[in-house]
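# next come a sequence and a model predicted from it.
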Amino acid sequence: MMRLFLLVHLLLFQVQRIIEVGCPCDPSKPETMELRQCSLCREAERQPADVEFFFLPDANPRKPNRTLLLLRTHQYDGLRAMERMPHRLRTRMWETAIRKARELWGNEWGLAYNGDQVRTQCHFHIHIGKLLKGIENDRALRIVNGPAEIPVPKEGSGMWVHPHGRRLHVHLNEQICETVLMR
C-alpha cells in the first residue's frame with residue numbers, strides 16, 4: 001500500500017512539475033534527458049532525423065496492448081502541444097495514427113490524447129489501442145467525417161477518437177482519456 005502511495009505521489013509530482021515549468025527536456029543538455037518525464041524525448045532522439053512519426057509499444061507492463069504514436073520533433077513537447085501544432089501536421093498525425101490503429105485493431109480501435117493535468121511525459125504522443133466495449137457516451141461529442149475535421153482540444157484538455165460507421169466520434173474536454181482503451 002505504501003509503495004502504491006509513493007508511486008501515485010511521484011506521478012502527481014511529475015505532472016505538477018510539467019504544469020509549473022513546462023518540459024525540462026533539452027536534447028542539447030544530456031543531463032536533462034535523464035528525467036523520467038523525458039523518456040519519450042530520449043526515444044525521439046534515437047530516431048533518424050528524416051522521420052516525422054514513429055511508433056513504440058507502451059513501456060508500462062500494465063498496458064501490454066497499447067502502442068504510442070510519437071512525433072520525431074520536440075517542437076510540440078510540453079503543454080498545449082496540439083493547440084500549437086499546424087493543421088496539416090495534425091491531419092497527417094491523425095491519419096498515421098488511424099492507419100496504425102486499423103492495422104492493429106480493425107474497426108475496434110481507439111486513440112487517446114491525455115490532457116495537460118494528467119500527462120506524465122513531456123514528449124507529444126497519442127495512445128493507440130482497442131476501444132473498450134460500452135465506453136461510448138455523448139458528453140462533448142463531435143462527429144466528424146475524417147482526420148482533417150478532428151478539432152483541437154482547448155485549454156489543455158484531452159480527447160479520444162474512435163470509428164463510428166464511416167465517420168469518427170471525437171470526445172473532447174476530458175483529462176484522463178487513455179482509460180477508454182484496453183490495457
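The structure has been received and is ready for your questions. These numbers were taken from a predicted model, which means no experiment stands behind them.

# please count neighbours and contacts with C-alpha atoms only from this point.
OK.

# and the strands in this protein?
All strands of the chain, identified by DSSP state E, fall at 53-57, 67-71, 109-113, 125-130, 141-144, 158-164, 167-174.

# center of this structure - which residue?
residue 126 (2.8 Å; Cα atoms, centre = their mean).

# give me the pLDDT for it.
Here, the pLDDT recorded for residue 126 equals 98.

# so how far is residue 31 from it?
Residue 126 is 26 Å from residue 31, where distance means Cα to Cα, to the nearest Å.

# re earlier: now the residue nearest to the centre of the chain, which residues is it bridged with?
Residue 126 forms beta bridges with residue 69, as assigned by DSSP bridges.

# so who does it touch?
By Cα atoms under 8 Å, 6 or more residues apart in numbering, residue 126 lies in contact with 68-70, 97, 111-113.

# low-scoring stretches of the protein, by residue?
Along the chain, the model assigns pLDDT under 70 to residues 1-22.

# can you give me the helices for it?
All helices of the chain, identified by DSSP state H, fall at 2-21, 39-45, 81-84, 87-105.

# CA atoms of the third one as CSV?
Included here for helix 81-84 are C-alpha records, laid out as CSV according to Å, rounded to 0.1, in the frame of the first residue of the first chain:
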residue,chain,number,x,y,z
ALA,A,81,1.0,20.8,-27.7
MET,A,82,-1.9,20.1,-30.1
GLU,A,83,-3.0,23.8,-29.9
ARG,A,84,0.4,24.9,-31.2
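
# how about residues contacting that helix?
The set of residues external to helix 81-84 that reach it, using Cα under 8 Å, 6+ apart, is 76, 90, 124, 152-154.

# out of those, who's nearest residue 38?
residue 124 (10.7 Å; Cα to Cα).

# re earlier: nearest to residue 172 among the contacts of helix 81-84?
Nearest to residue 172 out of the contacts of helix 81-84 is residue 153 (Cα to Cα; 6.3 Å).

# show me the contacts for the closest one.
The neighbourhood of residue 153, defined by Cα under 8 Å, 6+ apart, consists of 82-83, 159, 172-173.

# just among the residues you listed, which is most surrounded?
residue 159 (25 neighbours; other Cα atoms under 10 Å).

# out of everything not next to it in sequence, what's closest to that one?
If the residues on either side of it in the chain are set aside, residue 159 comes closest to residue 172, at 4.6 Å by Cα to Cα, 6 or more residues apart in numbering.

# thought the one you found was touching residue 141?
Yes. Taking Cα atoms under 8 Å as the definition, residue 172 is a contact partner of residue 141 at 6.5 Å.

# what about the nearest residue to residue 71 once chain neighbours are set aside, distance to residue 100?
Closest residue in space to residue 71, ignoring its immediate chain neighbours: residue 53 at 4.6 Å, by Cα to Cα, 6+ apart. Here the criterion is Cα to Cα. By it, residue 53 lies 11 Å from residue 100.
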